[in-house]
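Asker: here you go, sequence then predicted model.
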Amino acid sequence: MTHMELWIDILIVLLILTNLKLMGSSRLSACIRTVALQGILLGALPLIAGHGQIPFRVVILSGVTILLKGVVFPWLLLRALRTSNTRREMEPFIGYSTSMLISVGLIGLAMWMGGRLPLPVPLKSPLVVPLALFTIMTGLLAIVSRRKAISQVLGYLVMENGIYAFGLTLAQKEPMLIELGTLLDVFMAVFVMGIAIFHINREFDHIDTDLLASLRD
Amino acid sequence: MSLILTAIIVLCASGLASLGCGRIPGRANAIGAAGTVLGCLIGLAPAAEALWSGQAQALHMAWPVPLGSFHIQIDALSAFFLLPVLGLPAIAAIYGKTYLAAYSGKKNLGASWFFYTILVASMALVVIARNAVLFLMAWEIMSLSSFFLVCFEDEKEATRKAGWTYLVATHIGTAFLLVMFVLLTHHNPSMDFDHFSAAGMNGASISGLVFLLAVVGFGTKAGFMPFHVWLPEAHPAAPSHVSAVMSGVMIKTGIYGILRILTFLGHPDPWWGWVLTGIGVVSGILGVLFALAQHDLKRLLAYHSVENIGIIALGLGMGVLGMALNQPVLAVIGFAGGLLHVLNHAIFKGLLFLGAGAVLHETGERDIEKLGGLMRRMPVTGALFLLGAVAICGLPPLNGFISEFLIYMAALSGMGAAGVSLSGIAVITALAMIGGLAAACFTKAFGVVFLGEARTSATEKAHEVSAAMRFSMAILGLGCVLIGVSGPAVISAMKPVLETVTGYQNYDVAACLAGSLAPLKHISAAAVIFLAAAGVLIWLRRWLLSGRNPAESGTWSCGYLRSSARIQYTASSFAQPLTGMFGFFLQTHQEIEPVEGYFPSKGRLHTDTGDIFTRNLYRPIFKGVERFLLRLHWIQQGRVQLYVLYVAVTLLFLLVWNLR
């Protein structure tokens, strides 16, 4: 194992830990900060993984990613959190310890899948694909198991992080325009969701998504 | 080819322009009507040319749709259908301009004209498309635009229900068509119609299945019983000029589809002919019976569309049987009768719907029982309605007689041959019965609506409709007379169409027709003499009455003085002997409070003849489907989280399954 691979693995393990932290914590502000940390780590990943001379476009991309995911999104979400007077995720559909257990199961599943998934390019670290899959699954789990709209936005962001990590491993030659486009998409989504949460809160005095069930026919 | 494309573009453009003027009803109305007339006239030119020369013109362009290509062609069959498809909407547009003016300010007329022009353009595209993808796309646009037209008065619940019924029916029909085209594409590299006919389905085992799917799929649009249930709902709900177009030509695209598919399938089996004949007998007789039991003038006409589609099916059935059994005379005359009836029905049904619309426009009433005495108030409309009624009953000297006569001739010509005799007898019996019942039904409709005294005050205040509306109806009435007196010439002109449908190269189509043209010439001569005699008699009456002062007075009513319009014969009582006789089929729901005692005060009769197929076939099926689907209701919890879970679990399962 070379020096660089060690660093990559350390980052990956940290990323996995942020996922577990997200599933295990009830305080929404802590969750937002965890996701912000995850975004920064993820943005740093291509900088560390690059061989010697790092291309300029990778630097730009990492910079934009870190800026958006580590600063802008948390700021937007924390603001939404303040305006909605929400502190904690109360009574999630799946409890915190159960969520942790499911997450551990999902890690196993992701590891198994990462071993079997046929990939077109050789990987820098065998852990990258499991990390990507696990992050996507964590995001889905957060969306499915939590009540508050903010948690759902976080789940969405985490899922997107997973997709980003997956793209990082495969598409080294992916044009910068596409990546920036994806980032813009996510930015718009978070922006719209932030506004929607603000308005839902103003109309209904809460952001419990399960109460939206009363809208069904 | 450029002309027909220009026509389609003009139609769509004027529709869009009309839609843009939605805020100014007068302008939207004018642009929509003028654009439709212009577009249709441009489109009729290439159709007439193709019919005259017998030469097919085609245009093939690449189209970046899977399996699709923009391939259109005007051969004789397409050209023949283009005549009513573009002719009737143009005439109805002139009528519709005045008819819709009454809704100005209340409704978005621009939208109505937009869908109208789109409907006409898509119908034209349906009959010239030569690629299955293009065809289905045009077919769907046609269905959707007509759905929006039906829903014009969407504030009425009955209209919304009618639109819903139509939408469901038409999509079920399209589903059958989709399966049919997939079967046809089975061995083919593309979905071009050329490949279908070249593939040589001759004797292939699936050709029977393809035929059945075509009968169900296209029959739903055409209105074959028992797939007709949308017709009696949708036609009354739509504005009258739209009813005329839908009933006159849109349902004929179903007939066109069946004929076009038959040209791909090669030599037919005899049972195809029997199926079509059977459908024709059922649709024809039951259609006219249900018409007889209706009180709503437009619903009555809608059931007559079912009846006339039945007559067309009888003609096609004879034609297919003739092809299957190698009897060219039977095949040619059968198809000729069916095809000519397509054109004829477009003309007289268009006329009748426009006439019914004129009555509705003036009185606001579709219920026959509340009308009456309109002949004196609307003499031109009344006379033209009578003309259409005579034509639809198949009476000489008008056009309906010519096509029914051909079908009679076809059935007679096949007599004696194995496999034809029985169906020939069935066709003759059915046609005779349909003719008699139709005559009874239109005696009722015309007599109660136009003769006698007005039954309500709204009817009393009716006036003759505007010149434009009368003009539209008069053109159609003229068409009835012209085809009626020039039968032999019209049928001779249809020779290229019949050659396309039958695919006969080794038989002489003209020779096959000769046998029935001879008596038709005598009939035409007699028709001219009859019309001349009628003209002389009318002139004689005028001449005799000129200078005198005829006075009107009530009929002598046995000394009873306090007569009222309500003691006239009603439509229900007129039809009662016949509806009673066929009560087994009609299953009319009756509520009676009979008059009792020597000085009866109050009595009441309410009858309602719903569709037996809706009640006994479709309602139970749809109820069953609904009950089954309600069992799955527990899946619908309304929680976003749960829906995401469904998606996530499915994806995860698929991924694991794939990596297994």
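Answerer: That came through fine.
Asker: and A:Ala149, what pLDDT?
Answerer: Each residue has a pLDDT score; the one for A:Ala149 is 76.
Asker: C-terminal to the worst-scoring helix or strand of chain B on mean pLDDT, what's the next element?
Answerer: Of all helical and strand segments in chain B, the minimum by mean pLDDT, DSSP states H and E falls on helix B:193-198, at a mean of 72. As assigned by DSSP states H and E, the chain's next helix or strand after helix B:193-198 is helix B:206-222.
Asker: just want the most central residue of chain A.
Answerer: The geometric centre of chain A, computed from its C-alpha atoms, lies nearest to A:Val158 (Cα atoms, centre = their mean), at 1.8 Å.
Asker: doesn't that residue belong to a strand?
Answerer: No - inclusion of A:Val158 in a strand is not indicated when DSSP: H, G, I helix; E, B strand; the rest coil is applied; the result is helix.
Asker: and the closest residue to it other than its chain neighbours, what helix or strand is that in?
Answerer: Leaving aside its chain neighbours, A:Val158 sits nearest to A:Gly139 (3.7 Å; criterion: Cβ to Cβ, 6 or more residues apart in numbering or on different chains). No exception for glycine: its C-beta is placed from N, CA and C like everyone else's. A:Gly139 is located in helix A:128-145, with elements delineated by DSSP H and E.
Asker: only alpha carbons, please: show that helix as CSV.
Answerer: Output of helix A:128-145 as CSV, limited to C-alpha atoms (Å, rounded to 0.1, in the frame of the first residue of the first chain):
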residue,chain,number,x,y,z
VAL,A,128,-14.5,3.5,-3.4
VAL,A,129,-17.4,1.7,-4.9
PRO,A,130,-18.7,0.3,-1.6
LEU,A,131,-18.5,3.8,-0.2
ALA,A,132,-20.5,5.2,-3.1
LEU,A,133,-23.2,2.5,-2.8
PHE,A,134,-23.3,2.8,0.9
THR,A,135,-23.7,6.6,0.7
ILE,A,136,-26.5,6.3,-1.8
MET,A,137,-28.3,3.8,0.4
THR,A,138,-27.8,5.9,3.5
GLY,A,139,-29.4,8.8,1.7
LEU,A,140,-32.4,6.7,0.8
LEU,A,141,-32.6,5.4,4.3
ALA,A,142,-32.6,8.9,5.7
ILE,A,143,-35.4,9.9,3.3
VAL,A,144,-37.5,6.8,4.2
SER,A,145,-37.0,6.8,7.9
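Asker: what average pLDDT does it get?
Answerer: 88.
Asker: again with stretch B:538-556
Answerer: In the prediction, stretch B:538-556 has an average pLDDT of 83.
Asker: what's the end-to-end length of that stretch?
Answerer: By Cα to Cα, to the nearest Å, the extent of stretch B:538-556 from end to end equals 27 Å.
Asker: what does it contact?
Answerer: Contacting residues not belonging to stretch B:538-556 are listed as B:Ser563 [Cβ atoms under 8 Å, 6 or more residues apart in numbering or on different chains].
Asker: next one: it to chain centre, how far?
Answerer: Computed by Cα atoms, centre = their mean, to the nearest Å, the chain-centroid distance of stretch B:538-556 equals 40 Å.
Asker: equivalent analysis for stretch B:646-658, please.
Answerer: When distances are taken as Cα atoms, centre = their mean, stretch B:646-658 is centred 50 Å away from the chain's centroid.
Asker: identify each buried residue in that stretch, please.
Answerer: Judged by neighbour count (16 or more other Cβ atoms under 10 Å in any protein chain shown), stretch B:646-658 contains these buried residues: B:Ala648, B:Leu652.
Asker: do that stretch and chain A meet?
Answerer: Yes - using Cβ under 8 Å from any Cβ of the partner chain as the criterion, contacts between stretch B:646-658 and chain A involve B:Ala648, B:Leu652, B:Leu655, B:Val656.
Asker: nearest to chain A, of those residues?
Answerer: Proximity to chain A was ranked across the residues of stretch B:646-658 next to chain A by Cβ to the nearest Cβ; first place goes to B:Ala648, at 4.3 Å.
Asker: wait, the closest one sits on A:Leu140?
Answerer: Yes - B:Ala648 lies in contact with A:Leu140 (Cβ atoms under 8 Å); the separation is 4.3 Å.
Asker: pLDDT of stretch B:227-239, averaged?
Answerer: The predicted model gives stretch B:227-239 an average pLDDT of 89.
Asker: equivalent analysis for stretch A:106-124, please.
Answerer: Stretch A:106-124 shows an average pLDDT of 81 in the prediction.
Asker: before we move on, what about stretch B:174-184?
Answerer: When the per-residue pLDDT values of stretch B:174-184 are averaged, the result is 89.
Asker: list the helices and strands the strand or helix carrying B:Pro236 packs on?
Answerer: With the criterion set as DSSP H and E, the secondary-structure element containing B:Pro236 is helix B:231-237. For helix B:231-237, the helices and strands in contact under the criterion 3 or more Cβ pairs under 8 Å, 6 or more residues apart in numbering or on different chains; DSSP states H and E are helix B:132-150, helix B:157-184, helix B:297-324.
Asker: between those helices, which gets nearest to chain A?
Answerer: Closest approach to chain A among these (Cβ to the nearest Cβ): helix B:157-184, 17.0 Å.
Asker: I'd say A:Met154 and A:Ala142 touch.
Answerer: That one is not Met; residue A:154 is Leu. Yes - A contact is recorded between A:Leu154 and A:Ala142 when judged using Cβ under 8 Å, the distance being 6.0 Å.
Asker: what residues are shared contacts of the two?
Answerer: With the criterion set as Cβ under 8 Å, 6+ apart, the overlap between the contacts of A:Leu154 and A:Ala142 is A:Leu22.
Asker: quick check, stretch B:624-638 touching chain A?
Answerer: Yes - Stretch B:624-638 reaches chain A (Cβ under 8 Å from any Cβ) through B:Gln636, B:Gln637, B:Gly638.
Asker: what's in contact with the helix holding B:Pro236?
Answerer: Residues outside helix B:231-237 that contact it (Cβ under 8 Å, 6+ apart): B:146, B:150-151, B:153, B:156, B:158-159, B:161-163, B:165-166, B:223, B:243, B:246-247, B:251, B:290, B:294, B:296, B:298-299, B:301-303, B:305-306, B:353, B:366, B:611.
Asker: how far off centre is stretch A:115-132?
Answerer: Per Cα atoms, centre = their mean, the displacement of stretch A:115-132 from the mean C-alpha position of its chain is 19 Å.
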